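> mind looking at a prediction? Sequence and model below.
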2 protein chains.
Amino acid sequence: MTDDAIAAAFEPHDHQECAHRALDEAAARLKDQGARLTPVRRRTLEILLESHRAMGAYDVLDRLAAEGFGRQPPVAYRALEFLVQHGLAHRLQRLNAFAACLHPGDDHHPVFLICRSCDRVAEAPVTPIRDALAQVAKAGGFRVERATIEALGLCATCAASDAGAPC
Amino acid sequence: MTDDAIAAAFEPHDHQECAHRALDEAAARLKDQGARLTPVRRRTLEILLESHRAMGAYDVLDRLAAEGFGRQPPVAYRALEFLVQHGLAHRLQRLNAFAACLHPGDDHHPVFLICRSCDRVAEAPVTPIRDALAQVAKAGGFRVERATIEALGLCATCAASDAGAPC
DNA sequence: CGCTGTCGCGTTACTTTATTACAATTGTGT
DNA sequence: ACACAATTGTAATAAAGTAACGCGACAGCG
């Protein structure tokens, strides 16, 4: 994952292509793992991929229900959990929401940058931060297994446009 | 905040003294700020201070209700929100829970180390990690305003005792 | 003192988020 | 076609969090 990936999430880009590629990659990865990308799961991923924003489980559920899938919470939660477990989506603790992963394949529990103005979410390179965290923890005798790192702030596009207005 | 503070949270210590000092410090700080440490608020802080663990809002509420305070959710949420806003407690996103702050005074949105075995929570020095995060974000044009950093893992005491058994 | 405005508290009612349990169905391998 | 596991649909319920209203305590001020 490069620094460019951060800017990419916040700036205008060929999102069709961006989403399509993520979907293809997801399908390929699942095939390798012998996991099934069923219609609900596929559609759930597509819905998440429509934007670089995080969506609540019930927002996803509404969409699924409108398209003929089940309309009970477990439908959405199951699909989302599946995607998260297979590294195709992430859960944002801070927002009680989910976002598609744009770099499946990188082994990661990434760092998230959440713009408070436009609500877009980017994944940032995790290594330097994870290293710093591991070191600090180690000094206290603590062994880190998983870390949740979510930063709230302002993306370059929003900062440029108005330091606060939606972009 | 020193590295010793991490170990302190996970190892046996004079907790009476530890909690008492935090409470005194809290009272003093609030007085300076002209904020009132009312009975509900004080009791809420004491409840959180009883352990180095995080508690859910409804757990706190049960305790408060049993002691004659109101038994409706807003009672607990208001007291907890007050404590958080005044830097006397923290919210752990990952657990939907709250923990008393043991170092009020340090200006901080600290890093949390959560032991998955004994459920204790420690606050770790934040500077190196925050710096690493800010740098990574800056490279992508993102300005971090607030960061949630929560690590799940195993504390030294639990690791020594059984690599997994409650301590 | 008594007025007045703010703050804190308690309650009702409600919304949002998430899980448990079970039945029906689909897909896989033989 | 058959047995079996995985997946989906549904009902019901739990957990977490918020909005809105009124009452009473308390500080500041004439």
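Now that the structure is in, tell me what you want to look at.

> just the buried residues of stretch A:75-83, please?
A:75-76, A:79-80, A:82-83 (16 or more other Cβ atoms under 10 Å in any protein chain shown). All C-beta spots, glycine's among them, are computed from the backbone N, C-alpha and C.

> which among these gets closest to B:F98?
Nearest to B:F98 among the buried residues of stretch A:75-83, counting by Cβ to Cβ, is A:L80 at 26.1 Å.

> so what's the residue positioned nearest the centre of chain A bridging to?
Centroid-nearest residue in chain A: A:A99, 3.2 Å away (criterion: Cα atoms, centre = their mean). Going by DSSP bridges, A:A99 is paired in beta bridges with A:H90.

> contact partners for it?
Residues near A:A99 by Cβ atoms under 8 Å, 6 or more residues apart in numbering or on different chains: A:48, A:52-55, A:89-90, A:92, A:112, A:121.

> pLDDT weak spots in chain A?
Counting by pLDDT under 70, chain A contains low-confidence ranges at A:1-2, A:106-107, A:162-167.

> what residue in it comes nearest to DNA strand C?
A:P73 (3.5 Å; Cβ to the nearest atom of the strand).

> A:A27 - that's part of a strand, no?
No - assessed by DSSP: H, G, I helix; E, B strand; the rest coil, A:A27 does not belong to a strand; its assignment is helix.

> is the residue nearest to A:D119 when sequence neighbours are not counted in a bridge, and if so with what?
Take A:D119 and drop its neighbours on the chain: the residue closest to it by Cβ to Cβ, 6 or more residues apart in numbering or on different chains is A:R53, 5.0 Å away. In this entry, A:R53 is beta-bridged to A:R120, by DSSP bridges.

> and for A:R53, the neighbour number?
18 (other Cβ atoms under 10 Å in any protein chain shown).

> quick one: contacts for it?
Applying Cβ under 8 Å, 6+ apart to A:R53 gives the contacts A:99, A:119-121.

> in TSV, list those residues along with distance to DNA strand D.
Formatted as TSV, these follow (distance: Cβ to the nearest atom of the strand, whole Å):
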residue	distance to DNA strand D
A:A99	19
A:D119	17
A:R120	22
A:V121	20
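
> which ones are touching A:R42?
Counting by Cβ under 8 Å, 6+ apart, A:R42 touches A:23, A:27.

> my error: substitute A:R36 in the last question.
A:L30.

> just A:A147 next, same as before
Neighbouring residues of A:A147 by Cβ under 8 Å, 6+ apart: A:109, A:130, A:133, B:149-152.

> I'm done for today, thanks for sticking with me.
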